[in-house]
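**Student:** Pasted the sequence and its predicted model underneath.
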Amino acid sequence: MTAADTPTPPSEPAEPGAFTVGYVPGVMPGKWFGRWRERRMHPELRDVLVPAAVWRSALHDAAVTACFVRLGWAPGDPSLEDLRVTHNAVHLYDELQVAVLSTDDLLTVLDSLTLAQLTEESTPQAHADIDDAAMAVELAAAGVGPVVLPMSVARLHARKDVTFRELTDAPTVPVVLVWPRGLDDEGEDTVQRFVGIVRGRKESSGREAPRDGGRAKDGARDRDRRAGSSAGKRSAAKPGRGRPSRGGGVRRKRS
């Protein structure tokens, strides 16, 4: 992680009407941000990297409207059920846990590990804080001991002198999109449209606000009405036009 990527707590509430979406280290929502912008949706989206330790205060202080967060990693993290008492939350996916190892570690001969294998053959570091994961990976590279991390965090801090192995019997770590209950109607509508993008809703689904505020659709309806009216007038002026000929329009061959 470079200095530019180091998460800093949002210091001030977002501007009124702004749509600010946070994400904790390792979570990579760029494709969803990109779709919002490609579709020219409003309001303008601002994305913010939020330290894993402060996402709750960032939401509480309205520094972000919504946030991609990882649950169940830090000791004080709420469960999804408890979180939904005070917030709206959409479960997105579950992350694997991995052991980050020095490339010189004997355990690298295995394609995957169990927790028992990890502790029997090495002395892992203490439970890692996501915001201090870069230092933990550096210690693993120095041979101090493996560190267990969510896979996305291990990839975020990838180095040439470390590798990682999946822990096949470790519980997965849920990643959710969360936002406070009680947003005003406009704010809730904006989040719901963003949730639609995250869930893969297509632009043509009709659930998203059109880029031109609906003017193109209204104009198309007006053109259809005018076309229908003109066709009706032409039909009324020439009542015999288009009617089948006598005999049902089928000519019989004379014998």
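**Tutor:** Done, it's in. Numbering: from 1, shown residues only.
**Student:** residues in contact with L118?
**Tutor:** Listed by CB atoms under 8 Å, 6 or more residues apart in numbering, the contact partners of L118 are A99, L107, P124, P146, V148, L167. Just so you know, the C-beta spots here come from the backbone N, C-alpha and C atoms, and that holds for glycine as well.
**Student:** for H91, same thing?
**Tutor:** L80, P174, V175, V176.
**Student:** go again using 6 Å as the cut-off
**Tutor:** P174, V176 (CB atoms under 6 Å, 6 or more residues apart in numbering).
**Student:** so is it in a helix, a strand, or just coil?
**Tutor:** strand (DSSP: H, G, I helix; E, B strand; the rest coil).
**Student:** What separation do you get for A74 and A128?
**Tutor:** For A74, the distance to A128 (CB to CB, to the nearest Å) stands at 10 Å.
**Student:** no no, S112
**Tutor:** Counting by CB to CB, the gap from S112 to A128 is 20 Å.
**Student:** Between these two, which is the more surrounded one?
**Tutor:** A128 (21 against 13; other CB atoms under 10 Å).
**Student:** Go ahead and confirm that one touches M135.
**Tutor:** No: look at A128 against M135 with CB atoms under 6 Å: they stay out of range, at 8.8 Å.
**Student:** quick one, strands of the stretch 101-250 of the chain?
**Tutor:** Along the stretch 101-250 of the chain, counting by DSSP state E, counting those that start in this stretch, strands occupy 112-113, 147-150, 162-167, 173-180.
**Student:** So what's the model's average confidence on the third one?
**Tutor:** Model confidence over strand 162-167, given as mean pLDDT, is 98.
**Student:** by contact count, what packs against that strand?
**Tutor:** Using 3 or more CB pairs under 6 Å, 6 or more residues apart in numbering; DSSP states H and E, the elements in contact with strand 162-167 are strand 97-102, strand 112-113, helix 133-141.
**Student:** Please name the residues that touch Q125.
**Tutor:** Q125 neighbours (CB under 6 Å, 6+ apart): A136, G145, V147.
**Student:** Next one: it from R193, what distance?
**Tutor:** Between Q125 and R193 the distance is 42 Å, computed by CB to CB.
**Student:** All the helices of the protein, residue numbers only.
**Tutor:** For the chain, the helices defined by DSSP state H cover 30-38, 55-60, 80-86, 115-121, 133-141, 151-156, 185-198, 215-237.
**Student:** Could you figure out how far the first one is turned away from strand 173-180?
**Tutor:** In other words, helix 30-38. Relative orientation of helix 30-38 versus strand 173-180 (axes from the mean of the first three to the mean of the last three CA atoms, to 10 degrees): 30 degrees.
**Student:** How about helix 30-38, which residues are buried there?
**Tutor:** Going by neighbour count (16 or more other CB atoms under 10 Å), the buried part of helix 30-38 is W32, F33, R35, W36.
**Student:** Kindly provide the distance from the closest residue to the second one other than its chain neighbours to V27.
**Tutor:** Distances taken as CB to CB, 6 or more residues apart in numbering place D47 nearest to F33, at 5.2 Å, with adjacent residues excluded. From D47 over to V27 the distance is 11 Å, taken as CB to CB.
**Student:** Tell me where the stretch 151-255 of the chain is predicted with low confidence.
**Tutor:** Applying pLDDT under 70 to the stretch 151-255 of the chain flags residues 204-255.
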